[in-house]
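Novice: Below: sequence and its predicted model.
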Amino acid sequence: MKRLASCPQDCPDACRLLVTVEGGRVVAVTGDPDHPVTRGFACAKTTRYPERLYAKDRPIHPLKRVGKKGEGRFVQVSWEEALSEIAGRLEEILDAHGGEAVLRYNYAGTMGLIQGRRPLLFFRAIGASELDETICAATGEAAWAEIYGPEKLGVDPEDVPKAKTVVLWGANVVSTNSHLVPFLREARRRGARIVAIDVYENKTARFADRFFKVRPASDGVLAMGIAGELFRRGAADTGYLARYVEGWEAFREAALSYRLEDAARASGLAPAEVEELAETLLSGAPQLFRVGYGMTRHESGGAALLAVLALPVILGAWRHEGGGALLSTSGGFRLNKRRLTGLQFWKNARPKGYFRPNPYARHVNQIQLGRALTELKDPPVRALFVFNANPAVTAPNAGLVRKGLLQEDLLTVVLENAMSDTARYADFLLPATHPLEHQDLYTSYGHYWLSWSEPVADPPGEARPNTWIFAELAKRLGLDLPELEEPPEKTARELLDTAHPFLIGIDFERLRRKGSLKLALPRPFLPYARGRPDGKRLRLPVPRFPTPEPDPAYPYRLLTPPAHHFLNTSFGMIPALRAAEGGEPRVMLHPEDAKREGLRDGEYVEIKSPRGRIVRRVRVTSWVQPGVLVLEGTWRAADAPDGKSVNELTPDDESDLGGGSAFNAAWVCLKKR
């Protein structure tokens, strides 16, 4: 039987999947041929969903720890026993320390709004510490808002073929946005030139017509150098700037202070290459900039993205279909989320039992989970609930995170559909359904299609949806939270109950019948052709790029971009995908650095940062630059030669905007094993 479903992964493509089901089990997955973005193909990861769903070690019954924390030794218990004991321990913690002693850790393990976001109201109901979900997009969102305002409305990917110049800046779309590639190929057939700018030679670099390899953290200075050249050549759209943009004169003066030589020196390009980039932008309008979040994950990442996002404004590219920038399309989905996550409790508290809403609850930045678990006082964190995330290996400063997870006085409850690294530290491991096994509503941050997904497979064993689990806990705590028990269809109807023009004509019955509907975007879709959608002017702030003092003890910058066959650790249990990535994590090292360190291809090397050390096999390649190490993918700790995550090395410091992560600000040294 063929069934349609939505891909739940943290990916801009938000695909519609065509799933083959036999006897209630998924046996094959491909893309929906009738979906205008998915176009009948699925990525290398999602075609392996059957192996993901039916992995031998998938938890399918409630489990209680019997060994030491981190050993992953459990015994099966009933739902009643697990939930009652968890609730009892929560009561003790709430009585002794209050709600702020409870912390959730969640992110985008599923992008479904109901199972991904609805559980938050449980934590807001008890006044738990508030988690700031900053690990991925926070800096990018803050930089975008500085220029374009709060709505993230990128170019419609279906308009990409109308672009004449495409700049893929820090965006490895072949690996992380593969359903944009057919639109890029169509643009190329129509005469567009595709340029890639990145810090190492990846699959997108080889796809592009021209590739520029730049030094890490140099994007901002390079963009300002290009901007200065555009102004010097009189190529800026001053009519657009004067009418719709504030602060552009000060930005122009700042940009003119950057010469080609400055941009070349910072980026590692030759001055002629920087000039070539400027000429490329002038050779074909409209210009489209597909930018990635990777460039924001360092000490001045927000400023870097500000400078890059200023280029389509300077060129007036937003006035044309296919022109402008594409970071995220998530601002198009203006759903009615008032009650989704429990924020209404902060204004309308209904005390009952342990119901203690607290609009002033302390905030914990999720990139600093290790600090929260080991350093917070008054009160300390005494209960941690993890769902839709695997922080033991994906959070920065992972050694400190593991130290926190090992505390015996920390109640750790993990909701999972895989035996993840974090699950092994759980006191209670609760079996969650996979998104192919429950109903949910999906938006996208890479296109403008809204999707509803029905379960296509039977949940194995006693697996239950996240909302069911938290509803049962709420009952045992005496909380009045009927929202957690309401049918997903009711929640979806409420989410779609909005007067925003993008949702005109879209109701739940029609969405359920069709499965996927495109937002009612105006045509032509030119969201910033006349300034911001709210009628205000765009703004060009002058970015600043502080230069950190180098530490000679740590001479290499380590980068940790996504791997082609992985999505964080979501598919790490699949042997075929691990084999496709080389069987184990490998660190790329330039031949000059290999010679200096006395290393040969295939040897093992110890990599050390101020936070920890790991061991990896070396891959000597000119794909990277001297002084730069690249280690693709977040591998499960068990698949690394030393049983450690690469995030043992990464800092938990905040970037310059939005409190976002700075994974790529890791400085390390090497020691031959």
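Specialist: Nice, I can see it.
Novice: which element is the residue sitting nearest the centre point of the chain on?
Specialist: Centroid check for the chain by C-alpha atoms, centre = their mean gives residue 136 as the closest residue, at 4.3 Å. Using DSSP states H and E, residue 136 is not contained in any helix or strand.
Novice: thought it was touching residue 293?
Specialist: Yes. Taking contacts as C-beta atoms under 8 Å, residue 136 lies within contact range of residue 293: 6.3 Å. Every residue, glycine included, has its C-beta placed from N, CA and C.
Novice: Using PDB, write down the CA coordinates of stretch 91-108.
Specialist: Extracted C-alpha coordinates of stretch 91-108, given in PDB (Å, rounded to 0.1, in the frame of the first residue of the first chain):
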ATOM      1  CA  GLU A  91       6.500  16.400  43.400                       C
ATOM      2  CA  GLU A  92       9.500  16.100  45.700                       C
ATOM      3  CA  ILE A  93      11.600  18.400  43.500                       C
ATOM      4  CA  LEU A  94       8.800  21.000  43.100                       C
ATOM      5  CA  ASP A  95       8.200  21.000  46.900                       C
ATOM      6  CA  ALA A  96      11.800  21.300  47.800                       C
ATOM      7  CA  HIS A  97      13.100  23.700  45.100                       C
ATOM      8  CA  GLY A  98      10.200  25.100  43.000                       C
ATOM      9  CA  GLY A  99       9.600  24.900  39.300                       C
ATOM     10  CA  GLU A 100      12.900  26.400  38.200                       C
ATOM     11  CA  ALA A 101      14.600  23.200  39.300                       C
ATOM     12  CA  VAL A 102      13.100  21.500  36.300                       C
ATOM     13  CA  LEU A 103      14.600  22.000  32.800                       C
ATOM     14  CA  ARG A 104      13.500  20.800  29.400                       C
ATOM     15  CA  TYR A 105      15.900  20.200  26.600                       C
ATOM     16  CA  ASN A 106      14.300  19.900  23.200                       C
ATOM     17  CA  TYR A 107      14.900  21.000  19.700                       C
ATOM     18  CA  ALA A 108      14.000  19.900  16.200                       C
END
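Novice: Can you name the residues in contact with that stretch?
Specialist: Outside stretch 91-108, the residues that touch it by C-beta atoms under 8 Å, 6 or more residues apart in numbering are 10, 90, 116, 119-120, 123, 126-129, 131, 133, 135-136, 354, 356, 358, 361-362, 364, 366, 369, 372, 379-389, 391, 411, 477.
Novice: Just the ones in strands from the residues you listed, please.
Specialist: 131, 364, 383-387, 411 (DSSP state E).
Novice: so what are the domain limits for the protein?
Specialist: Per automatic domain parsing, the domain ranges recorded for the chain read 63-132+333-434+462-514, 155-327+527-539, 556-672.
Novice: Can you check which of these gets nearest to residue 33?
Specialist: Proximity to residue 33 (C-beta to C-beta) singles out domain 155-327+527-539 among those, at 12.6 Å.
Novice: Please report how far residue 646 lies from residue 667.
Specialist: 14 Å (C-beta to C-beta, to the nearest Å).
Novice: neighbour-wise, which of the two wins?
Specialist: residue 646 (26 against 17; other C-beta atoms under 10 Å).
Novice: where's the helix or strand residue 181 falls within relative to the chain centroid, distance-wise?
Specialist: Element membership of residue 181 [criterion: DSSP H and E] is helix 181-189. Remark: helix 181-189 is offset 25 Å from the chain centroid, using C-alpha atoms, centre = their mean, to the nearest Å.
Novice: go on, stretch 44-57?
Specialist: Counting by C-alpha atoms, centre = their mean, stretch 44-57 comes out at 21 Å from the chain centroid.
Novice: residues touching residue 233, list them.
Specialist: 278, 282.
Novice: returning to that earlier point: any common contacting residues for residue 646 and residue 667?
Specialist: Listed as contacting both residue 646 and residue 667 by C-beta under 8 Å, 6+ apart are residue 558.
Novice: Run through the neighbouring helices and strands of the biggest strand by length in the chain.
Specialist: Ranked by residue count under DSSP E, the longest strand found in the chain is strand 612-620. Applying 3 or more C-beta pairs under 8 Å, 6 or more residues apart in numbering; DSSP states H and E, one finds that strand 612-620 makes contact with strand 586-589, helix 591-597, strand 604-609.
Novice: Now render those as a markdown table, adding distance to residue 396 and mean neighbour count.
Specialist: Output for those, formatted as a markdown table (distance: least, C-beta to C-beta, whole Å; neighbours: other C-beta atoms under 10 Å):
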| stretch | distance to residue 396 | mean neighbour count |
| --- | --- | --- |
| strand 586-589 | 18 | 23 |
| helix 591-597 | 24 | 15 |
| strand 604-609 | 11 | 18 |
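Novice: can you map out the strands along the stretch 251-400 of the chain?
Specialist: Taking DSSP state E, counting those that start in this stretch as the criterion, the stretch 251-400 of the chain carries its strands at 287-291, 324-326, 363-365, 383-387.
Novice: so who does the nearest residue to residue 333 once chain neighbours are set aside touch?
Specialist: Distances taken as C-beta to C-beta, 6 or more residues apart in numbering place residue 443 nearest to residue 333, at 4.0 Å, with adjacent residues excluded. Contact analysis of residue 443 by C-beta under 8 Å, 6+ apart lists 14, 111, 113, 330, 333, 335, 450.
Novice: which pair in those residues spans the largest distance?
Specialist: Longest distance between any two of the contacts of residue 443 is 14.5 Å, between 14 and 335; criterion C-beta to C-beta.
Novice: These two: who's more crowded?
Specialist: residue 14 (26 against 20).
Novice: circling back to that earlier point, could you give the angle of the helix holding residue 181 to strand 287-291?
Specialist: 150 degrees (axes from the mean of the first three to the mean of the last three C-alpha atoms, to 10 degrees).
Novice: Most neighbours out of the ones in strands among the contacts of stretch 91-108, which is it?
Specialist: Among those, residue 386 has the most neighbours (other C-beta under 10 Å), with 27 neighbours.
Novice: I'd say that one and residue 405 touch.
Specialist: No. Using C-beta under 8 Å, residue 386 makes no contact with residue 405, being 9.3 Å away.
Novice: what touches both of the two?
Specialist: 412, 422.
Novice: Redo the strands of the stretch 251-400 of the chain as JSON lines? Include distance to residue 535 and mean pLDDT.
Specialist: Shown next, in JSON lines, are these (distance: least, C-beta to C-beta, whole Å; pLDDT from 0 to 100):
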{"stretch": "strand 287-291", "distance to residue 535": "24", "mean pLDDT": "98"}
{"stretch": "strand 324-326", "distance to residue 535": "18", "mean pLDDT": "98"}
{"stretch": "strand 363-365", "distance to residue 535": "32", "mean pLDDT": "96"}
{"stretch": "strand 383-387", "distance to residue 535": "40", "mean pLDDT": "98"}
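Novice: Now render those as JSON lines, adding distance to residue 5.
Specialist: Output for the strands of the stretch 251-400 of the chain, formatted as JSON lines (distance: least, C-beta to C-beta, whole Å):
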{"stretch": "strand 287-291", "distance to residue 5": "27"}
{"stretch": "strand 324-326", "distance to residue 5": "26"}
{"stretch": "strand 363-365", "distance to residue 5": "34"}
{"stretch": "strand 383-387", "distance to residue 5": "20"}
